[in-house]
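> Please find the sequence and the predicted model below.
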Amino acid sequence: MATIKKLVLDVLKPHQPNALEFAITLAEQGADYRVHLAVTEMDEKTESTVLVITGNDIEFKRIDETIRRMGASLHSIDEVEVHGGRPDDRSTTVSS
Amino acid sequence: MNRGECRHLLLHLYRARGIARRYFITNGFDGALTMLGLLAGFYTSGTASLFVAVTACMGAAVALFMSGISSAYLSESAERQKELQELEQAVLVDLEDSDYGQASRYVPVLVALVNGLSPLLLSLVIISPLYFSQHGGTLPFSHFSVAIVLALAVIFLLGMFLGRVSRTFWLWSGLRALAVALVTLMIILFFSSGR
């Protein structure tokens, strides 16, 4: 089964939770998740962010649910890195 | 609810502490001043029995509790609902099941409890000397005098608390609140003596 190693997401979030709390909560969803969050635009009530999540086996559904639970919305999946489950461990990177 | 969800909800509730504190002081002050007014009225009339005074003060305390709970809940839930709708329009998703949605349901309850309980509990503290006397206890001074001094002390403490919140000199803040109470007391005594 293929595993997700990296996700680049375009997320629109409210100001609260702030960027740090938001990133920490996402990082806590997996034992080895690394989260990089960059705020690209700031509005009166929201901020646009680009999230880069890396990990050995990222659970996308869980990430999506956590994002929604914090009051944010996932605009687009901009980049993914998925590894196949075979021993030769093929790697695919797709950029939008 | 897992630990992360619980933490975010608690964060929302923690952020509402400023509102709860404001309600606590506003309605607590209301409750203490109402009790002071009632006690001063009973004291100057000189005719009211202890039973009548306790019943009247309890009635006022319960009315303040109900008024505090219902008014804060209605106004706060309307505000929260409006904020939630505005945020939903901004992020273009339904936030009913998010931490925001949950907070918009829990925060009004929390704030309403604070707003209702603060006058009730402070009133109970203030009228405790009347209870004490009613149940056979003896006080060094008249129960009304002790209760009035207790009301002034509670108001002074509320002022002190305000001073701590605003990080100003606590004594000055306490004395300012006490001055309001003393002016109220003087007005009541003035009108009572003019009868």
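Ah, there it is.
> What does the pLDDT read for the residue with the largest distance to the centre of chain B?
In chain B, the residue that sits farthest from the middle, by C-alpha atoms, centre = their mean, is residue B:92; the gap is 38.7 Å. With respect to pLDDT, residue B:92 scores 85.
> What strand or helix carries residue B:159?
Here residue B:159 is covered by helix B:143-165, with elements defined by DSSP states H and E.
> ok and the helix or strand that contains residue B:74 relative to helix B:143-165, angle-wise?
Element membership for residue B:74 (DSSP H and E) is helix B:50-91. Here helix B:50-91 runs at 20 degrees with respect to helix B:143-165, directions being taken by axes from the mean of the first three to the mean of the last three C-alpha atoms, to 10 degrees.
> Do any residues in helix B:50-91 lie close to chain A?
Yes. Against chain A, helix B:50-91 shows contacts by C-beta under 8 Å from any C-beta of the partner chain at B:86, B:87, B:90, B:91. All C-beta spots, glycine's among them, are computed from the backbone N, C-alpha and C.
> picking that back up, ok now do the residue farthest from the centre of chain B, which residues does it touch?
A:12, A:73 (C-beta atoms under 8 Å, 6 or more residues apart in numbering or on different chains).
> tell me the phi and psi of it?
Main-chain dihedrals, residue B:92, degrees, to the nearest 10: phi 60, psi 40.
> For it, give its distance to residue B:117.
39 Å (C-beta to C-beta, to the nearest Å).
> What sits closest to the most centrally placed residue in chain B if chain neighbours are left out?
Centroid-nearest residue in chain B: residue B:28, 2.3 Å away (criterion: C-alpha atoms, centre = their mean). Residue nearest to residue B:28 in three dimensions, not counting chain neighbours: residue B:118, with 3.9 Å by C-beta to C-beta, 6 or more residues apart in numbering or on different chains.
> for residue B:54, same thing?
residue B:130 (5.0 Å).
> Spit out the contact partners of that neighbour.
So residue B:130 contacts B:50, B:53, B:54, B:57, B:143, B:144, B:147 (C-beta under 8 Å, 6+ apart).
> and with 6 Å instead?
B:53, B:54, B:143, B:147 (C-beta atoms under 6 Å, 6 or more residues apart in numbering or on different chains).
> Give me the three-state assignment for it.
Look at residue B:130: counting by DSSP: H, G, I helix; E, B strand; the rest coil, its state is helix.
> before we move on, the earlier item: and after the helix holding residue B:74, which helix or strand comes next?
That would be, after helix B:50-91 and using DSSP H and E, helix B:99-126.
> Need the mean per-residue confidence for that following helix.
92.
> elements contacting that helix?
Here helix B:99-126 touches helix B:3-15, helix B:17-45, helix B:50-91, helix B:143-165, going by 3 or more C-beta pairs under 6 Å, 6 or more residues apart in numbering or on different chains; DSSP states H and E.
> on that earlier part again, same for the helix or strand that the helix holding residue B:159 is followed by, what does it pack against?
Per DSSP H and E, the first helix or strand lying C-terminal to helix B:143-165 is helix B:170-193. Applying 3+ C-beta pairs under 6 Å, 6+ apart, one finds that helix B:170-193 contacts helix B:17-45, helix B:143-165.
> Identify each buried residue in helix B:170-193, please.
For helix B:170-193, the neighbour count (16 or more other C-beta atoms under 10 Å in any protein chain shown) marks B:170, B:173, B:174, B:177, B:178, B:181, B:184, B:185, B:188 as buried.
> Which helix or strand contains residue A:13?
strand A:3-14.
> now that strand against helix B:50-91, angle please.
Computed by the same axes, to 10 degrees, the angle between strand A:3-14 and helix B:50-91 is 120 degrees.
> Format the CA atom coordinates belonging to the helix or strand just after strand A:3-14 as PDB.
Note on strand A:3-14: by DSSP H and E, the next helix or strand toward the C-terminus is helix A:19-27. Listed next in PDB are the C-alpha coordinates belonging to helix A:19-27 (Å, rounded to 0.1, in the frame of the first residue of the first chain):
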ATOM      1  CA  ALA A  19       0.200  29.600  13.400                       C
ATOM      2  CA  LEU A  20       2.200  28.000  16.200                       C
ATOM      3  CA  GLU A  21      -0.800  26.300  17.900                       C
ATOM      4  CA  PHE A  22      -2.100  25.300  14.500                       C
ATOM      5  CA  ALA A  23       1.200  23.700  13.400                       C
ATOM      6  CA  ILE A  24       1.800  22.000  16.800                       C
ATOM      7  CA  THR A  25      -1.700  20.400  16.700                       C
ATOM      8  CA  LEU A  26      -1.100  19.100  13.200                       C
ATOM      9  CA  ALA A  27       2.400  17.800  14.100                       C
END
